[in-house]
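Participant: no sequence on this one, just coordinates:
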């Protein structure tokens, strides 16, 4: 399938902004330009509560947001790590999507604003994310969360962090994770696959940009073989939780997601894979731009609840919003 018409229009609008390449301007410029993200203009769905908190991380206090769909005291939870190449983005960008997903799946979502590269390269973002999972597990009762139904997830660099946290959780046996959600993750640093060539340019995220992000996150070459930095390199992916792996057709990382899904299957892990035809990297935050974003939220809600053995999801809620 060719690019969806609304995505062609969206990419043209982004190109008209004439933003500098990642390697051609200071980090501060790119972070300021993040304020132009289309998600910041999306309406915010009404939700039972969104709590802003600060928790103690390994090296810094961490801002988190807790999205709650209702006042039930035993809800499943998703600990969510946002994308942005470990360098960019902030929680406001994810507010529209996470409100929708919390309502639709009827789960508590705890999202963390971890410290960023290049100022804080690996392992700092990874350590912040693992510490956030640890905090949720420790405080499950106060959060009204079912300790047996906690999962991790994220998009892009956040998918990498979620996969890495799931690996460490398996190795440390902190908790039996209920699921992992990997939305177009970047888990293989070599990018030695066809989609990095076929989708290298003209679809938003470029292969050159993705390589630049890896350089910021892993400036120490010794970390390039650490599976907590590069999850595809784990000696085994066995004993990981049931997985939901999502990809977009026109994305340099399409094969990264597909390959990781296959690694999970090969090592006996239950894994659901879906690729969104005609779509690009960043789909998770394109609600209001393309109906496929809402389809993605529905798919995630359906798959999480299927894994958890919960058949009912809030299908009617996805259309309710407030400014």
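Facilitator: Structure's in. What do you need? Because the structure is predicted, anything quoted here is derived from the model rather than measured.

Participant: can we go C-alpha only for contacts and neighbour counts from here?
Facilitator: Noted.

Participant: got a list of what residue 217 touches?
Facilitator: Shown in contact with residue 217 (C-alpha atoms under 8 Å, 6 or more residues apart in numbering): 85-87, 117-118, 120-122.

Participant: who wins for neighbours among the residues you listed?
Facilitator: residue 86 (27 neighbours; other C-alpha atoms under 10 Å).

Participant: that one contacts residue 213, correct?
Facilitator: Yes. When contacts are counted by C-alpha atoms under 8 Å, residue 86 is listed as touching residue 213 (7.1 Å).

Participant: overlap in contacts, the two.
Facilitator: Contact with both residue 86 and residue 213 is made by no residue, according to C-alpha under 8 Å, 6+ apart.

Participant: need the contact list for residue 284.
Facilitator: Per C-alpha under 8 Å, 6+ apart, neighbours of residue 284: 97, 155, 183, 293, 296-297.

Participant: from the chain's centroid, how far away is the helix or strand containing residue 52?
Facilitator: Element membership for residue 52, per DSSP states H and E: strand 49-56. Offset of strand 49-56 from its chain centre (C-alpha atoms, centre = their mean, to the nearest Å): 19 Å.

Participant: toward the C-terminus from that strand, list the very next helix or strand.
Facilitator: strand 61-68.

Participant: what's the angle from that following strand to strand 49-56?
Facilitator: 160 degrees (axes from the mean of the first three to the mean of the last three C-alpha atoms, to 10 degrees).

Participant: contact partners of strand 61-68?
Facilitator: 47-56, 91, 98-99, 102-103, 107-115, 128.

Participant: next, count neighbours for residue 163.
Facilitator: 31.

Participant: now do the contacts for the residue nearest to it when sequence neighbours are not counted.
Facilitator: Once flanking residues are discounted, residue 163 sits nearest to residue 231: 6.3 Å by C-alpha to C-alpha, 6 or more residues apart in numbering. By C-alpha under 8 Å, 6+ apart, the residues touching residue 231 are 160, 163-164, 167, 187-188.

Participant: any idea how far residue 231 lies from residue 271?
Facilitator: 16 Å (C-alpha to C-alpha, to the nearest Å).
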